[in-house]
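**Student:** predicted model, plus sequence, below.
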Amino acid sequence: MISANSWMLYNIINTMNRLIILLLLSLSIISCNRHQSIKDEQPNVIIIFTDDQGYQDVGCFGSPDIKTPHLDKMAQEGIKLTDFYAAQAVCSASRAGLLTGCYPNRIGIHGAFMPNSNKGLNLSETTIAEMLKANGYKTGIFGKWHLGDNPKFMPNNQGFDEYFGIPYSNDMWPMHPQQGITFDFNPLPLFENETVIDTITNQSSLTTDITERSINFIAKNKENPFFLYIAHPQPHVPLFVSDKFKGKSERGLYGDVIMEIDWSVGQILAKLKEYNLDDNTLVIFTSDNGPWLNYGDHAGSAYPLREGKGTALEGGQREPCIIRYPKKIKSGGEINVPMMAIDILPTIAEITGASLPNNKIDGKSVWDIWTGNSNQSPHEAYYFYYHVNELHGIRYDKWKMYFPHKYRTLNGREGGKNGFPVDYEYNVIDQIELYDLSKDINETSNVASENVEVVNKIKLLANTMRLELGDALEKKVGNGNRPVGKVEE
């Protein structure tokens, strides 16, 4: 027979157990709801990156003869960055800066990797894809990689779940050890993940193929947060366009190519709307460097900027940039605060809640600028390196200063015709040049002698950076450089 006291104790214990179970269930529901809320808030991220596109080669950036209705609408629905810079004025280095948030020379990457190179993006570096994959994102790259064509360095080993495209620029080709360089552009390998599925003899369908693969990736991952990197090989020469746009532009073949890229952007945005994803998707459009001017009518225009690809001058690195994210960014803005591709990784980290790389990076989040909460750059200055670790220039507020160096130019001559280049000449900057970009965007009036304090300030900034990343022009080695990835012979 159970005593009254035992019965009372039994009821108390039973009630406490039920309360504990209810508490645990409540906490579980709260946790699940919080997890679902975080998942719902995580934006999809799309970066559309073109190759050798000039500053003026978009309608809303002033093109007089290339129609880009989809990019223009994207700017109306988002923001236009007027002072946005590529990380360096050449292919591989620029892409390395975009994907890692580092100045390319910090991670040992200079210039453009050739086919069969034993170098690539070091696997110890963290790409945007790796950063977001660790946060539950699906990741894909469709287009041009150009950060090492050895299997060790290809996209599937750098954080990307899916890859379709070419491993380097569309004018490159494997060099036969007995033949050396040849002007036969074939075969250009086309990869799907780690397998060569074709060799391209005609690239006319490539922009369409990349677009269709990108759309399929969006459809397949519409229930998950995703990162999509669309790296168009065009408008890098040789130019190719599909029959859909051949002869459609007032600007000849080059304009046709840009119109097809604009169409591709429209297809991506339309697919986002179809799946009700556009409100919560960050879309960034920009290019890797300025136009390859010696190709003339097959090159873009950096007007009104000075020079083009392969220089640290404004036309070499200032790029059109459009950003759209309806959920968080107000439409129709134009921002003239300086920014650089190295800032994209940390900005994406902030808005997705991802952890920054363990290795030191150079970029800083510019989210407050994009959203209109600040008009102050988080950087004191931006540094323009070229060749093998030469510090050519610095952007400091409205000022751009150049140190003595040699740069390539046409010196006012016309470029080539029908895909054939003319030779560059070389000019030498033999003394410091300083330009006030707020008044002189085309860099025609050197005002160094009237602004000695500004010059001295920028010199101090340069000396500090030389300690960090070095400067071959000054024969200085930095203490913050990391090695490029290498394959042992």
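**Tutor:** Yep, it's here. Numbering: from 1, shown residues only.
**Student:** for the most centrally placed residue in the chain, give me the pLDDT.
**Tutor:** Nearest residue to the geometric centre of the chain (CA atoms, centre = their mean): residue 98, 4.0 Å. Among the per-residue scores, residue 98 shows a pLDDT of 98.
**Student:** same thing with the one 10 residues further on?
**Tutor:** Predicted confidence (pLDDT) at residue 108: the value is 98.
**Student:** and the residue nearest to it when sequence neighbours are not counted, its phi and psi?
**Tutor:** With sequence-adjacent residues excluded and distances taken as CB to CB, 6 or more residues apart in numbering, residue 108 is closest to residue 484, at 3.3 Å. C-beta coordinates here come from the backbone N, C-alpha and C atoms, glycine included. Reported as degrees, to the nearest 10, the phi and psi values for residue 484 are phi -70, psi 150.
**Student:** and for residue 310?
**Tutor:** phi 80, psi 10.
**Student:** can we start the residue count at 39 from this point?
**Tutor:** Got it, the first residue is 39 from now on, which makes the last one we talked about residue 348.
**Student:** picking up where we left off before, from what I can see the residue nearest to the centre of the chain touches residue 123, true?
**Tutor:** No - assessed by CB atoms under 8 Å, residue 136 is found out of contact with residue 123, at 11.1 Å.
**Student:** what is in contact with the two at once?
**Tutor:** Common contacts of residue 136 and residue 123, defined by CB atoms under 8 Å, 6 or more residues apart in numbering, comprise residue 379.
**Student:** domain-wise, how is this protein divided?
**Tutor:** The chain breaks down into these domains under automatic domain parsing: 79-418, 422-524.
**Student:** contacts only, for the residue nearest to the centre of the chain.
**Tutor:** Per CB under 8 Å, 6+ apart, neighbours of residue 136: 85, 87, 124-125, 166, 326, 379-380, 382-383.
**Student:** likewise for residue 229?
**Tutor:** Residue 229 neighbours (CB under 8 Å, 6+ apart): 192, 201-205, 235.
**Student:** measure how buried the closest residue to residue 246 other than its chain neighbours is and give me the count.
**Tutor:** Leaving aside its sequence neighbours, residue 246 sits nearest to residue 280 (CB to CB, 6+ apart; 5.4 Å). The tally of other residues near residue 280 (other CB atoms under 10 Å) stands at 17.
**Student:** I figured residue 280 was touching residue 243, is that so?
**Tutor:** Yes - at 6.0 Å, residue 280 and residue 243 qualify as touching, with contact defined as CB under 8 Å.
**Student:** what's the helix or strand for residue 126?
**Tutor:** According to DSSP states H and E, residue 126 maps onto no helix or strand at all.
**Student:** in contact with the residue nearest to residue 484 when sequence neighbours are not counted, which residues?
**Tutor:** Leaving aside its chain neighbours, residue 484 sits nearest to residue 471 (4.7 Å; criterion: CB to CB, 6+ apart). Applying CB under 8 Å, 6+ apart, we find residue 471 in contact with 439-440, 481, 484, 486.
**Student:** from those residues, which two are the most distant?
**Tutor:** Greatest spatial distance among the contacts of residue 471 (CB to CB): 481 and 486, at 12.1 Å.
**Student:** more crowded one of those two?
**Tutor:** Applying other CB under 10 Å to residue 481 and residue 486 shows that residue 481 carries more neighbours, namely 20 against 17.
**Student:** for residue 210, see how far away the residue nearest to residue 159 when sequence neighbours are not counted is.
**Tutor:** Spatial nearest neighbour of residue 159, chain neighbours left out: residue 185 (4.2 Å); criterion: CB to CB, 6+ apart. Taking CB to CB, to the nearest Å as the measure, residue 185 falls 13 Å from residue 210.
**Student:** more neighbours, the two?
**Tutor:** Neighbours per residue, other CB under 10 Å: of residue 185 and residue 210, the larger number sits with residue 185, 27 against 20.
**Student:** gap between the more buried one and residue 153?
**Tutor:** From residue 185 over to residue 153 (counting by CB to CB), the distance is 13 Å.
**Student:** same deal with residue 324?
**Tutor:** Using CB to CB, residue 324 is found at 26 Å from residue 153.
**Student:** more neighbours: which of the two?
**Tutor:** The neighbour count for residue 324 versus residue 153, taken as other CB under 10 Å, is higher for residue 324 (21 against 14).
**Student:** can you pull out the helices in the stretch 89-238 of the chain?
**Tutor:** Taking DSSP state H, counting those that start in this stretch to define them, one finds helices in the stretch 89-238 of the chain at 107-115, 129-138, 166-171.
**Student:** okay then, goodbye and thanks.
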